[in-house]
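Enquirer: Give me the fold of what follows.
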Amino acid sequence: MIQRALEPTTNRQDWQFQFRLIDSETGTPVALTEHDVLKLRVRDCRYWRESLTAESGDDHVAIIDGIAFQITFPRSEMQGLCQHQYEVGATFERDGQISQILIGTVTVLDGIVNI
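Expert: Predicted coordinates:
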């Protein structure tokens, strides 16, 4: 499981990031398939409310080169977030087994520019 702060982002841009799952025995990236399920939630800890959600099969999650998940939240969704630190969590499901793969935070800054 990864436990860390993600790079800060702003509420006036698309937020995109990637991560890989590493096999703890071999140290190599886990090969991903379309049958694997990733669920990611961004929660406002002040109100215990989910602010952003991503899940395999929606437009937010893509598998890159068979070994990395790419998560994308468009600017239109980011604009709904205030400047604040948010909690981030993700689970990974394969063959009915669910693992917690990420617990962390992300700081969202006010990007100021309105278009």
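Enquirer: contacting residues around Gln70?
Expert: Each residue near Gln70 by CB atoms under 8 Å, 6 or more residues apart in numbering is listed here: Gln16, Phe17, Gln18, Val61, Ala62, Ile63, Ile64. From N, CA and C alone the C-beta is placed, and that goes for glycine too.
Enquirer: Not counting sequence-adjacent ones, nearest residue to Leu52?
Expert: Using CB to CB, 6 or more residues apart in numbering and skipping residues adjacent in sequence, the residue nearest Leu52 is Val42, 3.9 Å away.
Enquirer: is that neighbour in a bridge, and if so with what?
Expert: Leu52, Val88 (DSSP bridges).
Enquirer: Then Gln3?
Expert: With DSSP bridges as the rule, Gln3 is bridged to Ile103.
Enquirer: Now a ChimeraX select for only the buried ones of the contacts of Gln70.
Expert: Of the contacts of Gln70, the buried ones can be selected in ChimeraX as follows, counting by 16 or more other CB atoms under 10 Å:
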select :61,63
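Enquirer: which of the contacts of Gln70 lies closest to His35?
Expert: Using CB to CB, Ile63 is the member of these that lies nearest His35, at 10.7 Å.
Enquirer: what's across from that closest one in the sheet?
Expert: Per DSSP bridges, the residues bridged to Ile63 are Phe69.
Enquirer: residues contacting it?
Expert: Contact analysis of Ile63 by CB under 8 Å, 6+ apart lists Leu32, Thr33, Glu34, Asp36, Phe69, Gln70.
Enquirer: Looking at these, state which has the most neighbours.
Expert: In terms of neighbours by other CB atoms under 10 Å, these top out with Phe69 at 24 neighbours.
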